[in-house]
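Chemist: Okay, here's the prediction I keep looking at, along with the sequence it came from:
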Amino acid sequence: MKKLVAEKIMSKKSIFKSTNHVYMKNIKEKVVQFTFRSRFVPVFARYYSNMSKPSVYITREVNKEALDLLNTQCDVTFWTGPGPVPRSELLKNIENKHALFCMLTDRIDSAILDRAGNNLKIIATMSVGYDHLDVPEIKKRNIKIAYTPGVLTDATAELAVALLLATSRRLLEANEEARTGGWQAWSPFWMCGPGLKGSTVGIAGFGRIGQEIAKRLKPFNPERIIYYNRSERKKEAEEIGAERVNFDDLLTQSDFISVSLSLTPETKEMFNEAAFSKMKTNAVFVNTSRGGVVDQQALIKALQQKKIWGAGLDVMTPEPLPLDNPLFKLKNCVILPHIGSAAVETRKEMGLICAKNIVAAFKGDPLLTELKT
Ligand SMILES: O=C(O)[C@H](O)CO
């Protein structure tokens, strides 16, 4: 009798006022999130005791801390590599899962969501960028999205500064010369590059990461720090001593431009031929956000024709950049393999945050870092 009541209620997927959330196996072997009042507890207790754990698919092998946490509460399967999970594997493994723990290398679109089916309740991406997710489609299906803002800000800002200096002071080129016999003698103007002191530093995208880049560049004594951002960041800018300018002024006035914009339809290929042609010929262009904000052909042309001084790129299109790409042939271009957040502790924290978000979603708790758009 009690079982019949339970089945009836579950088949209707009735939702009662929220006091507890548990995952229960229904008669069709589908797991549904179920909320019940305490008076139903005795009825459901025996189902709860033999219910299956929610299932999580992780598209890479992640850190132990994250795995350990998930393993206490969920059935976890993951792609063991090498490299990113192939699309065919992802399609196969996502079927009926309750959570997806993915990377910025995984394109999550309606084909993946269709294959996942109705069980999928949360997607946690181990990244602050989410341009690889079809957000409207995910939201339409009432699937929550968690991401990892904040925790990677310092690591990414640090890398942006390292890349800026490596580009302006020609570190890789100089190292290559030293190793290959190009270093004949100390020479007054050999391997020189523009210095930061007295310069104008331009920050495109003055969010958390852009602000931290500005703070780290300030002790190098630039004369001005200017920023371009959709909205004004008055208080933060005042603290740093940065002034807001429009995009054209950022291009024409900056000696260094550091990009930390997220990739959106508005920012896509914002740095195009027209933009590069407005920059100073001594300008150093650094991008640690997404390759898509740059028209890469226009950048190649600007570097080849020395319309700008140099570029430091941690991100590009596509990734990995094919070895025959003209950017690799340019001495005035430093290329890194998207390692902005690759500080050990940061990456561990990113993994753990994803795991915590997934666990929170299954408990019915608010997510730690939900993407709300
Ligand atoms: O989006 C992100 O998290 C970064 O690009 C990773 O480095």
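Modeler: The structure has been received and is ready for your questions. Numbering: from 1, shown residues only.
Chemist: Which residue ranges of the stretch 101-250 of the chain form helices?
Modeler: Ranges of helices in the stretch 101-250 of the chain, per DSSP state H, counting those that start in this stretch, are 110-116, 135-140, 153-168, 171-179, 208-217, 234-240, 247-253.
Chemist: Export those helices as JSON lines, with columns for mean neighbour count and distance to Asn63.
Modeler: Glycine gets a C-beta too; all of them are placed from N, C-alpha and C. Shown next, in JSON lines, are the helices of the stretch 101-250 of the chain (neighbours: other CB atoms under 10 Å; distance: least, CB to CB, whole Å):
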{"stretch": "helix 110-116", "mean neighbour count": "17", "distance to Asn63": "24"}
{"stretch": "helix 135-140", "mean neighbour count": "15", "distance to Asn63": "25"}
{"stretch": "helix 153-168", "mean neighbour count": "22", "distance to Asn63": "15"}
{"stretch": "helix 171-179", "mean neighbour count": "14", "distance to Asn63": "30"}
{"stretch": "helix 208-217", "mean neighbour count": "23", "distance to Asn63": "22"}
{"stretch": "helix 234-240", "mean neighbour count": "14", "distance to Asn63": "32"}
{"stretch": "helix 247-253", "mean neighbour count": "17", "distance to Asn63": "38"}
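Chemist: Which one, of those, ends up nearest to the ligand?
Modeler: helix 153-168 (6.2 Å; CB to the nearest ligand atom).
Chemist: what packs against that closest one?
Modeler: helix 208-217, strand 256-259, strand 284-287, strand 310-313, strand 333-335 (3 or more CB pairs under 8 Å, 6 or more residues apart in numbering; DSSP states H and E).
Chemist: And those: which comes nearest Asn175?
Modeler: strand 333-335 (11.0 Å; CB to CB).
Chemist: Check which helices and strands that closest one sits against.
Modeler: Against strand 333-335 (3+ CB pairs under 8 Å, 6+ apart) you get helix 153-168, strand 310-313.
Chemist: Please work out the angle formed by the directions of the next helix-or-strand element following that strand and helix 153-168.
Modeler: Next helix or strand after strand 333-335 toward the C-terminus (DSSP states H and E): helix 344-363. Helix 344-363 runs at 140 degrees relative to helix 153-168, counting by axes from the mean of the first three to the mean of the last three CA atoms, to 10 degrees.
Chemist: With Ala160 as the reference, measure out to Met270.
Modeler: Separation of Met270 from Ala160 (CB to CB, to the nearest Å) stands at 17 Å.
Chemist: Put together a markdown table for the helices of the stretch 101-250 of the chain, with mean pLDDT and distance to the ligand on each row.
Modeler: As requested, those are exported to a markdown table (pLDDT from 0 to 100; distance: least, CB to the nearest ligand atom, whole Å):
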| stretch | mean pLDDT | distance to the ligand |
| --- | --- | --- |
| helix 110-116 | 98 | 19 |
| helix 135-140 | 98 | 14 |
| helix 153-168 | 98 | 6 |
| helix 171-179 | 98 | 20 |
| helix 208-217 | 98 | 9 |
| helix 234-240 | 98 | 21 |
| helix 247-253 | 98 | 22 |
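Chemist: can you tell me which of the ones you listed comes nearest to Met316?
Modeler: Of these, nearest to Met316 by CB to CB is helix 153-168, at 12.5 Å.
Chemist: what is the orientation angle of that closest one with helix 171-179?
Modeler: Going by the same axes, to 10 degrees, helix 153-168 makes 50 degrees with helix 171-179.
Chemist: Quick one: the helices and strands packed on strand 333-335 as CSV, columns for distance to Lys121 too.
Modeler: Conversion of these to CSV gives the following (distance: least, CB to CB, whole Å):
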stretch, distance to Lys121
helix 153-168, 28
strand 310-313, 37
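Chemist: burial measure for the residue in the stretch 151-300 of the chain that the ligand sits nearest to, as a count.
Modeler: For the stretch 151-300 of the chain, the residue closest to the ligand is Leu152, as judged by CB to the nearest ligand atom, at 5.6 Å. Here the count is done by other CB atoms under 10 Å, and Leu152 has 25 residues near it.
Chemist: Next up, the contacts around it.
Modeler: Neighbour list for Leu152: Val128, Gly340, Ser341, Thr346, Met350 [criterion: CB atoms under 8 Å, 6 or more residues apart in numbering].
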